[in-house]
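Asks: predicted model and sequence below, questions to follow.
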2 protein chains.
Amino acid sequence: MCTTPLFEVSPASYDIVPFVRSLSRFLLILAAASPLYCANSQSVERWDRFELTLKGPADGNPFLDVTFGARFRFANRVVAVDGFYDGEGVYKVRFMPDESGEWSYTTFSSAAPLSGQTGTFTVTPPGKGNHGPVRVRYVTHFAYEDGTPYTPIGTTSYAWVHQGDALEQQTLATLRQSPFNKMRMCVFPKHYAFNANEPVYYPFPRSAAGENDYTRFTPEFFRHLERRVADLEALGIEADLILFHPYDRWGYSEMPAAVDDRYLRYLIARLASFRNVWWSLANEYDFMKAKNMGDWDRFFRIVQETDPYQHLRSIHNGTVIYDHAKPWVTHVSIQTSELEKARDYIAEWRKPVVYDECKYEGNIHQRWGNISAQELVRRFWLGTVQGAYVGHGETYLDPHDVLWWSKGGVLHGESPQRIAFLRRILEDAPKEGLNSIATYYLGAGQEGRYYLFYFDVNQPADYTFELAKGAKYRADIIDPWAMTIQPVSGTFEGKFEMKLPGKPFMAVRFVKVGE
Amino acid sequence: MCTTPLFEVSPASYDIVPFVRSLSRFLLILAAASPLYCANSQSVERWDRFELTLKGPADGNPFLDVTFGARFRFANRVVAVDGFYDGEGVYKVRFMPDESGEWSYTTFSSAAPLSGQTGTFTVTPPGKGNHGPVRVRYVTHFAYEDGTPYTPIGTTSYAWVHQGDALEQQTLATLRQSPFNKMRMCVFPKHYAFNANEPVYYPFPRSAAGENDYTRFTPEFFRHLERRVADLEALGIEADLILFHPYDRWGYSEMPAAVDDRYLRYLIARLASFRNVWWSLANEYDFMKAKNMGDWDRFFRIVQETDPYQHLRSIHNGTVIYDHAKPWVTHVSIQTSELEKARDYIAEWRKPVVYDECKYEGNIHQRWGNISAQELVRRFWLGTVQGAYVGHGETYLDPHDVLWWSKGGVLHGESPQRIAFLRRILEDAPKEGLNSIATYYLGAGQEGRYYLFYFDVNQPADYTFELAKGAKYRADIIDPWAMTIQPVSGTFEGKFEMKLPGKPFMAVRFVKVGE
């Protein structure tokens, strides 16, 4: 029934990505004048990646000269998706289907051989561990698209994909043992304190004299990035991709506007089909002196208009917090140590608030990189009990300048295991997330069902709680640093006094057990 | 040479006040038609209290009917001082001379027998421990009038003078062993949580039905208050007298304006001559619903215009910080936990800033009264290294509701000894006080001579300091909680890297040792 395919049609194939199991891994690419398509052999999981590869013109500069893409159709719905040139005459278009069933596509291009190609493929239900992309849910929280709760427990390793395979593999091994399910990471390499090394790959062809050819991309750079994003996906980790940043000696922070825009579209064409991608427009956008607010707004609109899947979008500040009320911002990603403002931020923006950077555990001389593990754990709890989310980073001095925050490697700190402890608590919490509750001490939960209080530096010997009437609750006294959960005997309802440990940094949890 | 005095002229005599040693303690008061005065026998230390007692009319209501006072003259300077009626036909005027040498006085009164009395007395140099009243010095700091540095290390026991002799004596014994040199205390008794007891004395005659006679004062009430202020003076403790407060069931928080004003003038007439008095217009003024800003401004002006010695004046807020830029405010007395604003407050107001209340060490359920000792010590240091001052309070639960913060008694906490440790460090610091220094970490000192840095939750393993050139410094690593001072070997100058403990809450001190 099937002829030998004259062009590749397959899900993207990365070593550790499970969704390729059902397909023969390599379909040879042959030069094709009038391609044939074998629809019956194609299937892909819902939210996995369908990839169509065509051969096309290699002369001139295809990055600039050739437009290419496809329209994907499910029932009456049509999704237009940009493809990209992957070098050596190879064109690809990737697609993340969000419905199970039969899909079809038709390519479009400025080059005749790439235009009007059609085909169909079957989307099967998602496999184990595939819950789709993360979306905003319950206004100020997140969930995977299939409804599975997602509580961001992020870490930061800005330049980990630019460190070479050995260190990158070590980073992945560390992540596998860690509590983290989100990674803040830059597309571009990083130049900064502790970051003097050259990257393995450059995004644009670069001359020996250090001149970038901004008219072309380096496909190897992006293929490597894609492999790492897929590695994270296999670990259940969201890739919070930072699209621009100011730590630069190569020129990427001050490219011409047309290059910025082309880079965004190329990146989105390559990476939007990865379900674990989030778009972080920039790190410390306000420190990028070559950009102004108009640039950031334009970048947001490009991402918003180009990404067919509407992955999460935000932008991370240095000192000037972006106006997260703007409609293209899906969630708030901020740098600040003002944890006490979390409730106000949530109330103001009515979007999920993520303190991606509230200083890092470590011992370097920079004050953003040397808070104690105790303080970082405290900040995680302060954010949590106001309904916000907090991110991790680690910056312990290393003789080879391998600091987790930027290069990955191994973790040395004392906070990750406490963050893991908190993550387990949050995974036991209501799937609708924890919302700030107007109480005398900081507390969050779901009224009438679940309450989590945190007493911070306060150490009351007792406290009179007042919980929603009509329910009985069991209680636990939680020590976030010692990682103990001590059940309190009895059940509680209404207004009642409870003895507390009289120590600072304690938490109390109430869970409904009956009417 | 001397006749038997027909009226008393003596320094005020309180049991433990040392300055009365050189005088015969009791000069009998005799009824006098035309009094004589024995000038040669009278002497008083500079900044001690000269007191003139006259017999006058006892009929009618002398509190309202009789004006009385004296003009004190030194060389060409004349100071008008209000006297007061002390009951049973006794009138007094008190005076704190600020110059050594010969002074004279002439009384004035609406009652003929009290008017036109004259006399002289000798003011001797101050004795040991007598440095005069505390003044603002070096713009944002304090010193005694003789120039001796004064670093406020305050505590709080609002109603300690209303607890009866046994507990009051215990409070004094505790203070004697404590590091505190300032006491925040209310004139009026206190009604509040943990404060249900009746006071021993009432400021106004009070009927069995609980009605106040606001046309008269109760001299015993004020004599008792004066005794306690003198007790503090003997311990070297400033009495930061709170003139109004909202915690009231007797009516003192909502008296008619004319009564408020008369009360202020009477209190000043009685107490202004105590050199250790500060005027705190109110505690949590903004919680006193019967008063408005016009009242507070009027009270300030009355105090400013009536106190001949211009004792320190401030007002303490609940949630709304008073406009301390107003000219009658000598220093800033605030309630807030926003220690991080200390530098800004000082820069804005250019007056000494005292965080009189930044929450108390304790374990009661109210969050203002249950921070850990560690946190309170941290706040003392945060204020200190920004050039501000911080106050102490303690609120540990007690079976008899004797909490230090309000009733005195004994201290249970772990912060006082660390505050004593800090006090010793400050007493070794330049007498001009510590001014905030624009550095990456919080630091204060006197450029080129002395630096004190505090790293708070930051725990750098090393840091590159940059001190004023032209001097060599010795260095100490200070652990404010362990109360250790570890000298660093060698001397330092200019810009240099120093190893640090890599632990949170450490401090570093640099002291100039040479050019």
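Replies: Sure thing, it's come through.
Asks: quick one, what contacts residue A:221?
Replies: A:201, A:202, A:203 (C-beta atoms under 8 Å, 6 or more residues apart in numbering or on different chains). Just so you know, the C-beta spots here come from the backbone N, C-alpha and C atoms, and that holds for glycine as well.
Asks: please pick the buried ones from those.
Replies: For the contacts of residue A:221, a burial check counting by 16 or more other C-beta atoms under 10 Å in any protein chain shown picks out A:201, A:202, A:203.
Asks: could those go into CSV alongside distance to chain B, pLDDT and secondary structure?
Replies: Listed next are the buried ones among the contacts of residue A:221 as CSV, based on distance: C-beta to the nearest C-beta, whole Å; pLDDT from 0 to 100; DSSP: H, G, I helix; E, B strand; the rest coil:
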residue, distance to chain B, pLDDT, secondary structure
A:201, 33, 97, coil
A:202, 33, 98, coil
A:203, 34, 98, coil
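Asks: mind putting the contacts of residue A:221 into CSV with distance to residue B:373?
Replies: CSV is the format used below for those (distance: C-beta to C-beta, whole Å):
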residue, distance to residue B:373
A:201, 54
A:202, 55
A:203, 54
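Asks: stretch A:183-203: which residues count as buried?
Replies: Of the residues in stretch A:183-203, A:183-191, A:194-195, A:197, A:199, A:201-203 count as buried by neighbour count, 16+ other C-beta under 10 Å.
Asks: can you check stretch A:496-512 too?
Replies: In stretch A:496-512, counting by 16+ other C-beta under 10 Å, buried: A:498, A:500-512.
Asks: would you check which pair of these lies furthest apart?
Replies: By the measure C-beta to C-beta, A:504 and A:512 form the most distant pair in these, at 27.8 Å.
Asks: buried stuff in stretch A:126-138?
Replies: Buried residues in stretch A:126-138 (16+ other C-beta under 10 Å): A:126, A:130, A:131, A:132, A:133, A:134, A:135, A:137.
Asks: contacts for that stretch?
Replies: Identification of contacts with stretch A:126-138 by C-beta under 8 Å, 6+ apart yields A:18-19, A:45-48, A:96, A:98, A:142-148, A:150, A:152, A:236, A:238, A:275-278, A:309, A:311-312, A:330-331, A:351-352, A:432-433.
Asks: from one end of it to the other, what's the distance?
Replies: For stretch A:126-138, the first and last residues are 23 Å from each other (C-alpha to C-alpha, to the nearest Å).
Asks: and that stretch, how far out from the chain middle?
Replies: Stretch A:126-138 has its C-alpha centroid displaced from the chain centroid by 12 Å (C-alpha atoms, centre = their mean, to the nearest Å).
Asks: related to what we said a few turns ago, in strands, which of the buried residues of stretch A:496-512 fall?
Replies: A:498, A:507, A:508, A:509, A:510, A:511, A:512 (DSSP state E).
Asks: quick one: which of those is nearest to chain B?
Replies: Within these, the smallest distance to chain B is 10.1 Å, found for residue A:498 (C-beta to the nearest C-beta).
Asks: the closest one bridge partners, please.
Replies: residue A:463 (DSSP bridges).
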